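Student: Here is my input; please provide its structure:
(4 chains)
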There are 4 protein chains.
Amino acid sequence: MKEETWKTAITKVEPNKLLLRGYRLDELMGRITFAQAVFLAIKGDLPTEKEARMIDAMLVSSIDHGVTPPSCLAARTIASTGSPLNAALAGGILAISKHHGGAIEDSMKVIREAVRRKRELSQTQEETATFLAKEYKEKSKRFPGFGHRIHTKDPRTIKLFQIASDLGIAGEYVGMARAIENAIEHSSGKRLPINVDGAIAALLCEMNFPSELANAFFMLARIPGLVAHVYEEQTRMKPMRVINSKEHEYDGVPERKM
Amino acid sequence: MKEETWKTAITKVEPNKLLLRGYRLDELMGRITFAQAVFLAIKGDLPTEKEARMIDAMLVSSIDHGVTPPSCLAARTIASTGSPLNAALAGGILAISKHHGGAIEDSMKVIREAVRRKRELSQTQEETATFLAKEYKEKSKRFPGFGHRIHTKDPRTIKLFQIASDLGIAGEYVGMARAIENAIEHSSGKRLPINVDGAIAALLCEMNFPSELANAFFMLARIPGLVAHVYEEQTRMKPMRVINSKEHEYDGVPERKM
Amino acid sequence: MKEETWKTAITKVEPNKLLLRGYRLDELMGRITFAQAVFLAIKGDLPTEKEARMIDAMLVSSIDHGVTPPSCLAARTIASTGSPLNAALAGGILAISKHHGGAIEDSMKVIREAVRRKRELSQTQEETATFLAKEYKEKSKRFPGFGHRIHTKDPRTIKLFQIASDLGIAGEYVGMARAIENAIEHSSGKRLPINVDGAIAALLCEMNFPSELANAFFMLARIPGLVAHVYEEQTRMKPMRVINSKEHEYDGVPERKM
Amino acid sequence: MKEETWKTAITKVEPNKLLLRGYRLDELMGRITFAQAVFLAIKGDLPTEKEARMIDAMLVSSIDHGVTPPSCLAARTIASTGSPLNAALAGGILAISKHHGGAIEDSMKVIREAVRRKRELSQTQEETATFLAKEYKEKSKRFPGFGHRIHTKDPRTIKLFQIASDLGIAGEYVGMARAIENAIEHSSGKRLPINVDGAIAALLCEMNFPSELANAFFMLARIPGLVAHVYEEQTRMKPMRVINSKEHEYDGVPERKM
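Tutor: Residues are numbered from 1 along each chain as shown, chains lettered A, B, ... in the order given. As a prediction, the model looks like this:
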């Protein structure tokens, strides 16, 4: 008896013809950017022109953050043993998890829940944010997506929100994220600015992304950075060196303009 | 005594300021696409406008190829055990290797070597290609990047070369790839068309990419496809099913136009 | 200022001297088996002689289960692309998760909770098991570690419990596992025999293992099986074959006696 | 038409019956150690009693080497991001490669080639070793399996060779390894003692193991150590700490006797 067939809705493969979510792949090529194709592959439909520009900005914002993140350290460590690029990248991706990159997913859940609450109780966003800040303080919980070890005014957040505002994408979710930022400051006296994870979370909410795919978004964005680090490790460093991420210096191209 | 510092030339991280290859990350955001940022991160300089469009088309061409490639099978198998997305993606990437995706790197080496030979011996590309086809036949070697299990006229190759031609990127390396395709047919009587790996190889040669990064290019391009498959497996299939990649049917959106 | 030191309690490394959990490694070599060393490394103390024999039997019981488990399929799929052994093993391990191997951890939690309940309420194990079987039935929950796709009387479970009984290791937790098996049958009319995961779970409870390490136990045990499959794939199969785990035949050594 | 079946010679799975390399798994349980089962699974036949004891000693010798090896750093780094145990182990295994663990495979090849040469040319082992030491010196090549960053008299090597000698396993290959050690000293004036990789290599040669499986041997042996490190990281350290492997202190059990 024939094994039961199973169904897939992503790509239809026929001889000399490929359909991605219904579109001929060769018709998409040259007409859409990779960022648009990413959106199509994952969400099932093409983004609007504005969403496409937002996605591009978000992916660019997360492409690299130097040598200290654990994904970089894991990838470089594996590369330094002579393992090939795909092994080093796999190791890097395995380090993108709850505490690194994972804040996006958690932050989306918090922001969505807050907006849901606001709507249900017909509150202002300030009322909801104040309530949540109080609740988190009492339970000693931290808001995912707020605060950064290094940046007090994360330039990526500022730019992402500015672009979102220009494109008309910033709405209720971005508003709620900002309200939470203010409410935390009121409640604790300390400013924990929205970090890049929180900003991306708010924007993925605006574009109706499933939160389960938030980390995928970050992993994709970080791959090119990891590739650059692995290649640098392979071509510039001695194998099996002891890697202390703190003891590094930047010696690349000095600041330049586009 | 202080540990010796080590050097990195990719990203400079300062409080509230990030430089990617010398450019402020927040100035790049909104002005360049993700594909341009990929080129910058990996190669160290921004692509020209034409190169940027070429890269986008190449990344789009490789974004997915349905459920049969081993990277998809590995990722889905891992996902079906309840492992999280990053584990499934890592498994998928570990399957992008010598025989899957790896043809790009090998193909770049063959095409580069052929062009080098042509120049040194002041041959026409036909002479070099004929020589190589004869040599490969005698040694029973296969040309990496030619022939496909499913496609006889790979629509992706056709489109990539057309775009490359429109953009003025197609040059000596694309010419050599085509010459080899013809020489194989002459020598063996069988047409082994340039496949998408071979086409990307020729184009990466035109843009002076290191061949060691060819696979990185393919891995990056395929991540969104793998994400879509893992998410479909997680949300639509029963855990621990026995996955036979042949027994599937497409039930997604029917063919549609942009 | 010097970076703060961090502490580790596993291995002390000095020139020409290695201490594993306080014992000189070269004094352990030749005197203890690998299974005893595994127990020492993970738990921090040497097992008793009886525990050591139990651990050996448990590890042997899980060493392989043919080509159908997802860990084997993932490892073979990765190997078939030309990736090296460590990549294939990593992929196999990534497939040992909630629904494959993971039942041991979940089963330990259920058995421990049952024994705790029995003690607190001064019940007989039958009373506790009956209560739980009823509760699980009402909530349509499945007991992890009971039932198997293939085996109705798993020979591994039978032998593990027999050895545990001979060694005097089988106690309250094994008793509870058996009581649950009976209570499920009473409550549902269907016999879901304790499978090898459930048996190992009960025995790890008897030896006071942290449940968080249960999966580690299974992963370690399965590595040699995965190595054998990867090596067979590399040396006996064509690269990039489409692997359908159902369509296989055993052609190894016929049944033989020790 | 039915898909072609493929063959496997490792494990035969029938309802209520499992054969590993022809032996009933439940008959092996309780009668052989895990180390014996490892040998059986990988090589296809049971080891002799002496080989079994040798394998146990070799696995014990490699079970851990503290926090500095890259496999440990990769595993701990991944664990510190909140990734589960299997992800951290996978990352650790990906770091066991050419320059870490991989010396065993390379060393086996060198020792086997040396013994083959000795036999073919009817040389003494000293003559062959002297020739090789000269050749390596002229080509500035390093002998894999000789020398160690930390140990000048590796206690593991000394013990492994002593056990091998007691068991009558040390033969032509161990002799050749020792002869090479002496010849290097003669030729360079520097003693590069056989390290644990070189010792294991010589012993795997004596037991006729395929060199392609040498790294598998080391990976298996190191898993318990990695498990212990990951568990320590998960239970004792703060998430996302910056891990500098040099800045650690041992605070475990002081030296003790069995």
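
Student: other SSEs contacting the helix or strand containing A:Ile111?
Tutor: Element membership for A:Ile111 (DSSP states H and E) is helix A:103-120. Other helices and strands packing on helix A:103-120, by 3 or more C-beta pairs under 8 Å, 6 or more residues apart in numbering or on different chains; DSSP states H and E, are helix A:125-138, helix A:172-188, helix A:196-206, helix A:214-236. To be clear about C-beta, it is placed using only N, CA and C from the backbone, and glycine gets the same treatment.

Student: Next secondary structure element downstream of the helix or strand containing A:Met58?
Tutor: In this structure, A:Met58 sits in helix A:49-61 according to DSSP H and E. Sequence-wise, the next helix or strand downstream of helix A:49-61 (DSSP H and E) is helix A:70-79.

Student: which parts of chain A sit against chain C?
Tutor: Neighbours of chain C within chain A, by C-beta under 8 Å from any C-beta of the partner chain: A:3, A:83-84, A:86-87, A:90, A:246.

Student: what do you get if the cut-off is 7 Å, keeping everything else the same?
Tutor: Within chain A, the residues that sit near chain C (C-beta under 7 Å from any C-beta of the partner chain) are A:87, A:90.

Student: wait, what's in contact with A:Leu203?
Tutor: Going by C-beta atoms under 7 Å, 6 or more residues apart in numbering or on different chains, A:Leu203 touches A:54, A:58, A:160, A:164, A:169.

Student: Mind doing that once more with 6 Å?
Tutor: Going by C-beta atoms under 6 Å, 6 or more residues apart in numbering or on different chains, A:Leu203 touches A:Ala164.

Student: Check the gap between it and A:Asp197 for me.
Tutor: Distance of A:Leu203 to A:Asp197, computed by C-beta to C-beta, to the nearest Å: 11 Å.

Student: low-confidence ranges in the stretch 151-258 of chain A?
Tutor: For the stretch 151-258 of chain A, no stretch is flagged by pLDDT under 70.

Student: Dead centre of chain A: give me the residue that sits there.
Tutor: A:Phe218 (3.4 Å; C-alpha atoms, centre = their mean).

Student: what about the closest residue to chain C within chain A, how many neighbours?
Tutor: Nearest to chain C in chain A, going by C-beta to the nearest C-beta, is A:Ala87, at a distance of 5.5 Å. A:Ala87 has 30 neighbours, counted by other C-beta atoms under 10 Å in any protein chain shown.

Student: so what's it up against?
Tutor: Counted by C-beta under 6 Å, 6+ apart, A:Ala87 has contacts A:78, C:87, D:94.

Student: Could you count how many residues lie near the closest residue to the second one other than its chain neighbours?
Tutor: Distances taken as C-beta to C-beta, 6 or more residues apart in numbering or on different chains put B:Leu94 closest to C:Ala87, at 4.4 Å, once the chain neighbours are dropped. As a burial measure, B:Leu94 scores 36 neighbours (other C-beta under 10 Å).

Student: thinking B:Leu94 is in contact with C:Gly92, fair?
Tutor: No: in this structure, B:Leu94 is not within contact of C:Gly92 by C-beta atoms under 6 Å, at 10.0 Å.

Student: I'd like the distance between A:Gly171 and chain D.
Tutor: Per C-beta to the nearest C-beta, to the nearest Å, A:Gly171 is found 31 Å from chain D.

Student: since we're on the spatially closest residue to that residue that is not a sequence neighbour, how many residues are nearby?
Tutor: The shortest distance from A:Gly171 to any non-neighbouring residue, by C-beta to C-beta, 6+ apart, is to A:Glu206 (5.5 Å). The local packing of A:Glu206 (other C-beta under 10 Å) involves 20 other residues.

Student: ok, now A:Arg116?
Tutor: 11.

Student: could you measure it against A:Lys109, distance?
Tutor: 10 Å.

Student: Next: A:Arg149.
Tutor: With C-beta to C-beta as the criterion, A:Arg149 and A:Lys109 are 22 Å apart.

Student: what about the two, which has more around it?
Tutor: Using other C-beta under 10 Å as the criterion, A:Arg149 and A:Lys109 rank with A:Lys109 on top: 15 against 9.

Student: which residues does the more buried one contact?
Tutor: Here A:Lys109 is in contact with A:Ser211 (criterion: C-beta under 6 Å, 6+ apart).

Student: Could you check how far it is from B:Val227?
Tutor: Taken as C-beta to C-beta, the span from A:Lys109 to B:Val227 is 19 Å.

Student: Same question for A:Ala79.
Tutor: 24 Å.

Student: which of the two has more neighbours?
Tutor: Shown here are A:Ala79 and B:Val227; by other C-beta under 10 Å, A:Ala79 has more neighbours (30 against 25).

Student: Output the set of residues of chain A in proximity to chain D.
Tutor: Residues of chain A that fall close to chain D, judged by C-beta under 6 Å from any C-beta of the partner chain: A:70, A:73-74, A:77-78, A:81-83, A:87, A:91, A:94-95, A:97-100, A:239-240, A:244.

Student: Identify those among these that sit within helices.
Tutor: A:70, A:73-74, A:77-78, A:87, A:91, A:94 (DSSP state H).

Student: Is there a quick ChimeraX command that grabs whichever of the residues you listed are buried?
Tutor: Buried subset of those, written as a ChimeraX selection, criterion 16 or more other C-beta atoms under 10 Å in any protein chain shown:
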select /A:70,73,74,77,78,87,91,94
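
Student: CSV for the ones in helices among the residues of chain A next to chain D, including pLDDT and distance to C:Lys134?
Tutor: Output for these, formatted as CSV (pLDDT from 0 to 100; distance: C-beta to C-beta, whole Å):
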residue, pLDDT, distance to C:Lys134
A:Pro70, 96, 46
A:Leu73, 97, 51
A:Ala74, 98, 47
A:Thr77, 97, 51
A:Ile78, 98, 50
A:Ala87, 98, 50
A:Gly91, 98, 47
A:Leu94, 98, 41
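
Student: just curious, which of the ones in helices among the residues of chain A next to chain D is nearest to chain B?
Tutor: Once C-beta to the nearest C-beta is applied, the member of those that ends up nearest chain B is A:Leu94, at 5.2 Å.

Student: Quick check: the closest one touching D:Gly91?
Tutor: Yes: at 4.9 Å, A:Leu94 counts as touching D:Gly91 under the criterion of C-beta under 6 Å.

Student: got any residues that touch both of the two?
Tutor: D:Ile78.

Student: did I read that right, A:Cys13 in a strand?
Tutor: Quick fix: residue A:13 reads Val, not Cys. Yes: under DSSP: H, G, I helix; E, B strand; the rest coil, A:Val13 sits within a strand.

Student: what about the residue nearest to it when sequence neighbours are not counted, distance to A:Thr8?
Tutor: Excluding the flanking residues, the one nearest A:Val13 by C-beta to C-beta, 6+ apart is B:Gly66, at 4.0 Å. Look at B:Gly66 and A:Thr8: by C-beta to C-beta, they are 7 Å apart.

Student: Show me which of those two is the more surrounded one.
Tutor: A:Thr8 (24 against 21).

Student: confidence score at that one?
Tutor: Looking at A:Thr8, its pLDDT reads 97.

Student: so what's it up against?
Tutor: Counting by C-beta under 6 Å, 6+ apart, A:Thr8 touches B:67, B:248.
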